[in-house]
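A.B. asks: Need a 3D model of the following:
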Amino acid sequence: TTESQTTTTTESQTTTESPTESQTSTQASTYTANLDGVNLDLIWCPPGSFQMGSPTTEPNRLSLYETQHQVTLTQEFYLGKYEVTQAQYEAVMTGNTDGLSATPSHFGGNPNRPVEMVSWDDAQVFLTRLNAQQSASIPAGWQYVLPTEAQWEYACRAGTTTAYSWGDTFTSSDANGDDTFGSTKDVGQYNPNAWGFYDMHGNVREWTNDWESYPDPDYSAADQIDPVGPNSAEDPYGGRKLVRGGSYGSSSGFLRSAYRDFVRYTADTSSIGFRVALQSQTPASTPTPTTTTTESQTATESQTATESQTATTTESQTETPASGTTYNITVTAPSSSYYSLSGSDSNGAVSGNNASVTINRFDTINFNLSGVSGFHPFRIRNSSGGSDVSSPAATGQGSTGNGTVSWTPNTAGTYVYQCSTHSGMVGNIIVNS
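C.D. replies: Model prediction:
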């Protein structure tokens, strides 16, 4: 593999814009998987909206591929804090029956450098094996996957609207790019972005799950909800996937947050690696991107909701309670980063980590705990870190083990369930009127 291979398909670069301000202040929780003694760290990304595609004034943008447009991601997901390392790849791929080397890297023998010389197909074998090996540890219905192009850029931007996640200019101290080092480096050697992700710019280009659109690979200017690209290869070049982030050999213009590259899915070069996502495979409920309240709600928004609830409490209490529906949600706590929910609410199925729950006034919601550690007491509160709900109060507040926390709200608004010792274990309870 030559260096020229790492810098081909330059025409296909693009840039994008960034998540909303509410995400920039969200402190992401983490998830760690143990890969036979090697840790794989992931960071939680909340649902949200951002501008994908570069502004026309951005230097080095390629106008044929970077039309700016609104993207809404309706489901939370986790993404690798680092690119998959050689040690992580070897831990998962050792003993595979697909004839693939567990140590394929051109810059091999460096366990903390990113794995490279892996095709998109090779990454799929890795993910299949990872899911099998971790099946007892991940929530039901969740899988390790490659991120979509939109998910990748959403996490890369981490609330920014600049050409790079740190600003609009590049220096050699920002990332391993522009051929200043001449090869990959250990992951995590440069500053992370605002959400804690390392090496989103440079080191190695990263496979995403999206196929190239053909004959026009540019984005549509229309708003997009959970875009995933074509269902199969459309181009005449053997099937090309989107690769993001640029590499150690990429010039600074190709390291931008919005830069896009199209590479044949069978290619394996010294400049391409990947990072993994972990997400629910259950589709989200009907999206309402302009009004949906998500886990990324800021403290200010929560306080605003609380104030509105207070203003309407007196009126609500004078009403004769309606006969509501009872919903049951099973709650586990497989880590100190999230509660995992399963069951149903007024919108249908509920599944996922710190998932939102939607009910109506006078409905009863039972959070049935299943083996929840004594370190993770479950409470229903007016806002994150705020006081417990009252008028009416929830029963069973602070339960652990196999206890039940039950509540029948009479006031519409947005509340939260939360662990009283781990503030990141929090999700919304949306009460409709």
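A.B. asks: where does the chain dip in pLDDT?
C.D. replies: 1-28, 283-323, 385, 391 (pLDDT under 70).
A.B. asks: How about stretch 149-169, which residues are buried there?
C.D. replies: Along stretch 149-169, the positions that meet the burial threshold by neighbour count (16 or more other Cβ atoms under 10 Å) are 149-166. To be clear about C-beta, it is placed using only N, CA and C from the backbone, and glycine gets the same treatment.
A.B. asks: wait, what's in contact with residue 150?
C.D. replies: Counting by Cβ atoms under 8 Å, 6 or more residues apart in numbering, residue 150 touches 52, 71, 73, 224, 226, 227.
A.B. asks: Strands along the stretch 251-400 of the chain, start to end?
C.D. replies: Defined through DSSP state E, counting those that start in this stretch, the strands belonging to the stretch 251-400 of the chain, from first to last, are 260-264, 272-273, 277-280, 326-335, 338-345, 348-353, 357-360, 364-369, 378-381.
A.B. asks: which of the ones you listed sits most buried?
C.D. replies: For these, the stretch with the most neighbours on average is strand 272-273, a mean of 29; neighbours defined as mean count of other Cβ atoms under 10 Å.
A.B. asks: Can you list the neighbours in contact with that strand?
C.D. replies: 6, 83-84, 114-118, 203-207, 243, 247, 263.
A.B. asks: out of the residues you listed, who's nearest residue 376?
C.D. replies: Proximity of these to residue 376 (Cβ to Cβ) peaks at residue 84, which lies at 29.7 Å.
A.B. asks: any idea how far the closest one is from residue 180?
C.D. replies: As defined by Cβ to Cβ, to the nearest Å, residue 84 lies at a distance of 23 Å from residue 180.
A.B. asks: Counting neighbours, go ahead and name the busier of these two.
C.D. replies: Counted by other Cβ atoms under 10 Å, residue 84 and residue 180 do not tie: residue 84 has more neighbours, with 25 against 13.
A.B. asks: give me phi/psi at the more buried one?
C.D. replies: Reported as degrees, to the nearest 10, the phi and psi values for residue 84 are phi -60, psi 130.
A.B. asks: show me the contacts for it.
C.D. replies: Contact analysis of residue 84 by Cβ under 8 Å, 6+ apart lists 40, 114, 115, 126, 273, 274, 275, 276.
A.B. asks: from the residues you listed, which two are the most distant?
C.D. replies: For the contacts of residue 84, the maximum inter-member distance is 13.9 Å, found between 40 and 273 (Cβ to Cβ).
A.B. asks: From the buried residues of stretch 149-169, which land in helices?
C.D. replies: With helices taken from DSSP state H, the overlap with those comprises 149, 150, 151, 152, 153, 154, 155, 156, 157.
A.B. asks: Please report how far the closest residue to residue 155 other than its chain neighbours lies from residue 218.
C.D. replies: In space, not counting the residues next to it along the chain, residue 155 is nearest to residue 79; the distance is 4.9 Å by Cβ to Cβ, 6 or more residues apart in numbering. When distance is defined by Cβ to Cβ, residue 79 is 25 Å away from residue 218.
A.B. asks: what pairs with the residue nearest to residue 328 when sequence neighbours are not counted across the strands?
C.D. replies: Sequence neighbours aside, residue 366 is the residue nearest to residue 328 in space, at 4.9 Å (criterion: Cβ to Cβ, 6+ apart). For residue 366, the beta-bridge assignment (DSSP bridges) gives partners residue 328, residue 406.
A.B. asks: Hmm, residue 366 is touching residue 326, no?
C.D. replies: Yes. Contact status for residue 366 versus residue 326: in contact at 6.7 Å, counting by Cβ atoms under 8 Å.
A.B. asks: Could you double-check that residue 261 lies in contact with residue 241?
C.D. replies: No. The pair residue 261 / residue 241 is not scored as a contact, 9.3 Å apart, by Cβ under 8 Å.
A.B. asks: Tell me if I'm right that residue 63 and residue 56 touch.
C.D. replies: Yes. At 7.3 Å, residue 63 and residue 56 qualify as touching, with contact defined as Cβ under 8 Å.
A.B. asks: who are the neighbours in contact with residue 144?
C.D. replies: In this structure, residue 144 makes contact with 127, 130, 131, 134, 138, 276, 277, 278, judged by Cβ under 8 Å, 6+ apart.
A.B. asks: residue ranges for the strands of the stretch 101-250 of the chain, please.
C.D. replies: Applying DSSP E, counting those that start in this stretch to the stretch 101-250 of the chain gives strands spanning 142-145, 205-211, 224-225, 240-244.
A.B. asks: helices or strands next to the shortest one in the packing?
C.D. replies: What it means is strand 224-225. Packing contacts for strand 224-225, counted by 3 or more Cβ pairs under 8 Å, 6 or more residues apart in numbering; DSSP states H and E, involve strand 69-73.
A.B. asks: Given the helix or strand just after the strand it packs on, what are its sheet partners and their directions?
C.D. replies: Note on strand 69-73: by DSSP states H and E, the next helix or strand toward the C-terminus is strand 77-80. Strands adjacent to strand 77-80 in the sheet, as given by DSSP bridges, are strand 38-45 (antiparallel), strand 277-280 (antiparallel).
A.B. asks: how far out from the middle of the chain is stretch 133-147?
C.D. replies: Using Cα atoms, centre = their mean, to the nearest Å, the distance from the centre of stretch 133-147 to the centre of the chain it belongs to is 14 Å.
A.B. asks: got the buried residues for that stretch?
C.D. replies: In terms of neighbour count (16+ other Cβ under 10 Å), stretch 133-147 has its buried residues at 133, 134, 138, 139, 142, 143, 144, 145, 146, 147.
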